[in-house]
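Undergrad: task: produce atomic coordinates for the following.
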Amino acid sequence: MLAFVALSVVFGAGATALLDLWNLLLNKVFGLPVPPWHLVGRWFAGLPRGHFVHRQGIAASTPVPRERAIGWAMHYVTGVVFAAALLLIWGLGWAAAPSFAPALIVGLVTVGAGWFILQPGMGVGIACSGAANPALARLLNVVGHVVFAVGLYLTARLLA
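TA: From the prediction side, this is the model:
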């Protein structure tokens, strides 16, 4: 059990860190905005109070204390949960001999968490349907999750 938790944390943190570097690269090279982790934190902070959907958009909601820290923490917790899902499905043997396909499957399947939970909850609609450029937002979501998958695989390869 300890190995499972430790590997989930290391793989999830490594993959999430690669995703963060990817977002910084997109920001520096193409001027794309970095993810608004403070708004993600605002959304997560509202969950215990039963506030799941911000119909007017999360930016219009009242800020909460430490929302940026909450957003960053939940970003990494989510990465760890996705890594744990990979290990639950493919087992600890995957960590000893990682292959890319399971990481890619997890990366692509987890796009759904953003499209059908986080984005509607933050008021952007299902699969970013309410974004200024939904097609670009969807493309960036998919590519970002593929980068996360690469991070899962590379982190596992480094430790194997």
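Undergrad: rest of the way, CA atoms for contacts and neighbours
TA: Fine.
Undergrad: helices of the protein, start to end?
TA: Using DSSP state H, the helices of the chain run over residues 2-30, 37-46, 67-90, 93-96, 100-109, 111-113, 119-121, 134-159.
Undergrad: now these as JSON lines including mean pLDDT, distance to residue 61 and mean neighbour count?
TA: Below are the helices of the chain laid out as JSON lines (pLDDT from 0 to 100; distance: least, C-alpha to C-alpha, whole Å; neighbours: other C-alpha atoms under 10 Å):
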{"stretch": "helix 2-30", "mean pLDDT": "98", "distance to residue 61": "25", "mean neighbour count": "18"}
{"stretch": "helix 37-46", "mean pLDDT": "97", "distance to residue 61": "8", "mean neighbour count": "22"}
{"stretch": "helix 67-90", "mean pLDDT": "98", "distance to residue 61": "12", "mean neighbour count": "19"}
{"stretch": "helix 93-96", "mean pLDDT": "97", "distance to residue 61": "41", "mean neighbour count": "16"}
{"stretch": "helix 100-109", "mean pLDDT": "98", "distance to residue 61": "29", "mean neighbour count": "18"}
{"stretch": "helix 111-113", "mean pLDDT": "96", "distance to residue 61": "22", "mean neighbour count": "16"}
{"stretch": "helix 119-121", "mean pLDDT": "96", "distance to residue 61": "12", "mean neighbour count": "23"}
{"stretch": "helix 134-159", "mean pLDDT": "97", "distance to residue 61": "22", "mean neighbour count": "20"}
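Undergrad: surely residue 84 meets residue 10?
TA: No. Shown here, residue 84 and residue 10 do not form a contact pair, counting by C-alpha atoms under 8 Å, at 10.1 Å.
Undergrad: any idea of the pLDDT on residue 55?
TA: Residue 55 is assigned 87 on the pLDDT scale.
Undergrad: help me confirm that it comes into contact with residue 119.
TA: No. Between residue 55 and residue 119 there is no contact under C-alpha under 8 Å: 10.8 Å.
Undergrad: mind listing the shared neighbours of the two?
TA: Counting by C-alpha atoms under 8 Å, 6 or more residues apart in numbering, residue 55 and residue 119 have no contacts in common.
Undergrad: re the thing from before, which one of the helices of the chain lies nearest to residue 60?
TA: Proximity to residue 60 (C-alpha to C-alpha) singles out helix 37-46 among the helices of the chain, at 10.0 Å.
Undergrad: what angle separates the closest one from helix 67-90?
TA: 80 degrees (axes from the mean of the first three to the mean of the last three C-alpha atoms, to 10 degrees).
Undergrad: that's all I had, so thanks and see you.
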